[in-house]
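Engineer: Sequence below, structure please.
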Amino acid sequence: MENITNSLPTRYLLKIESFSLLPENGISKYESNEFESGGFNWKMIIHPNGDGDSHISVYLTIIGKSSLHAVWEVNASFSFLIFDQVHDNYNVMKGMERRFRNIKTEWGFSKCISHETFKDPSNGYLVNDKCIFGVDVYVIKNQGIGECMSLLKGTELYKHEWKITEVTKLKKKVYYSEEFTVEDYKWKLSLYPTGDIGQNGKNISIFLESVDAKGFDRQKRVKAKFSISLKNWIGDEHHKKSGGLNWYSAATDNWGWPSFMPCCEFNDPKKGFLIEDCCILEAEVSIVGVVNCLT
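Structural biologist: Numbers count the residues shown, from 1 in each chain. Predicted coordinates:
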């Protein structure tokens, strides 16, 4: 015995009457009803003869998780107990702290208590062929903060073209492209025809924005590599800004170039970027990394 406590198990007790009749009735394994602890459902499992005839095996298993989540884990501290009917105490037989996962839903002891100890009348565990087993289960809430960074290799470069018409009639401060998807994440371009704050109408500003970022938790981030081009209608020299390699998060949902191009150059028909009051922006985007909360 590892410890003795006078307090009752806080979660679940299993009383067995006529213990000696279990093998006679073909009960080599008994599963308790489900009980709740820490927001999860559990069962206690008892093998009266364990792996042989010398010990009783006791296990704790989590119920109903495998069908709900492909990958999950629950950390729990638990102890198996047995009632000493002579001294009116619950004795802790074995205890441990373990991680229950989709690939390991059951933990316990194949040799929890020997038949010799269990049946010794002086111990009070089996009286009049009756006994009481118990289990204390405490789910450990993870209070730590952590993150898991995954770098992606060989992701495709996605190209999105945005054609803007009647450019000289654009009066609003900012305009947005339609949304497009890259590696399951949604994006859009934003254009400030007269520049964002600080440009004083001297430059156009263009940014790549994450549609999803505002819904990210505080650990979630996505690293995008991108370039943005303003196509030239009369030549092959498009105006391209590249080198965008930035982390998108709930706090920072857009990256780009506040001074993408001088307004005077953009609006000059001779430069070839604005023809018949129309321009074309093209974004090339690939996802190179993702950070998620470490669970």
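Engineer: show me the contacts for residue 54.
Structural biologist: By CB atoms under 8 Å, 6 or more residues apart in numbering, residue 54 lies in contact with 111, 114-116. Placement of C-beta: from N, CA and C, glycine included.
Engineer: ditto for residue 286
Structural biologist: So residue 286 contacts 155-158, 182-183, 224-226 (CB under 8 Å, 6+ apart).
Engineer: top of the contacts of residue 54 by neighbour count?
Structural biologist: Among the contacts of residue 54, residue 115 has the most neighbours (other CB atoms under 10 Å), with 16 neighbours.
Engineer: Enumerate every residue touching that one.
Structural biologist: Residue 115 neighbours (CB under 8 Å, 6+ apart): 53-56.
Engineer: if we can go back for a sec, just the ones in strands from the contacts of residue 286, please.
Structural biologist: Applying DSSP state E to the contacts of residue 286, the entries found in strands are 158, 182, 224-226.
Engineer: now that we have the residues you listed, which one has the most neighbours?
Structural biologist: In those, the most neighbours by other CB under 10 Å go to residue 226, 25 neighbours.
Engineer: Tell me who's in contact with that one.
Structural biologist: So residue 226 contacts 208, 242, 244-245, 255, 283-286 (CB under 8 Å, 6+ apart).
Engineer: which one of these sits closest to residue 198?
Structural biologist: residue 255 (15.9 Å; CB to CB).
Engineer: Tell me which helix or strand comes right after the helix or strand containing the closest one.
Structural biologist: In this assignment (DSSP states H and E), residue 255 forms part of strand 254-262. Going down the chain from strand 254-262, the next helix or strand is helix 263-266, by DSSP H and E.
Engineer: any low-confidence regions in the stretch 1-150 of the chain?
Structural biologist: 1-10, 65-71, 142-145 (pLDDT under 70).
Engineer: Enumerate the strands of it by residue range, in sequence order.
Structural biologist: 3-5, 12-17, 30-31, 35-37, 40-47, 55-63, 73-84, 89-101, 106-114, 130-139, 147-151 (DSSP state E, counting those that start in this stretch).
Engineer: Redo the ones in strands among the contacts of residue 286 as CSV? Include distance to residue 199 and pLDDT.
Structural biologist: Formatted as CSV, those follow (distance: CB to CB, whole Å; pLDDT from 0 to 100):
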residue, distance to residue 199, pLDDT
158, 28, 95
182, 28, 95
224, 23, 94
225, 25, 94
226, 21, 95
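Engineer: Can you name the residues bridging to residue 175?
Structural biologist: Taking DSSP bridges as the rule, residue 175 bridges to residue 191.
Engineer: Look up how far residue 211 lies from it.
Structural biologist: Computed as CB to CB, to the nearest Å, the residue 175 to residue 211 distance reads 15 Å.
Engineer: Wait, residue 216 touches residue 247, no?
Structural biologist: No. With contacts counted by CB atoms under 8 Å, residue 216 stays clear of residue 247, the gap being 10.7 Å.
Engineer: So these two - more neighbours on which side?
Structural biologist: Counted by other CB under 10 Å, residue 216 and residue 247 do not tie: residue 216 has more neighbours, with 19 against 15.
Engineer: List the contacts of that one.
Structural biologist: 222, 249-250.
Engineer: In these, which residue is surrounded by the most others?
Structural biologist: Among those, residue 222 has more neighbours than the rest - 23 neighbours, counting by other CB under 10 Å.
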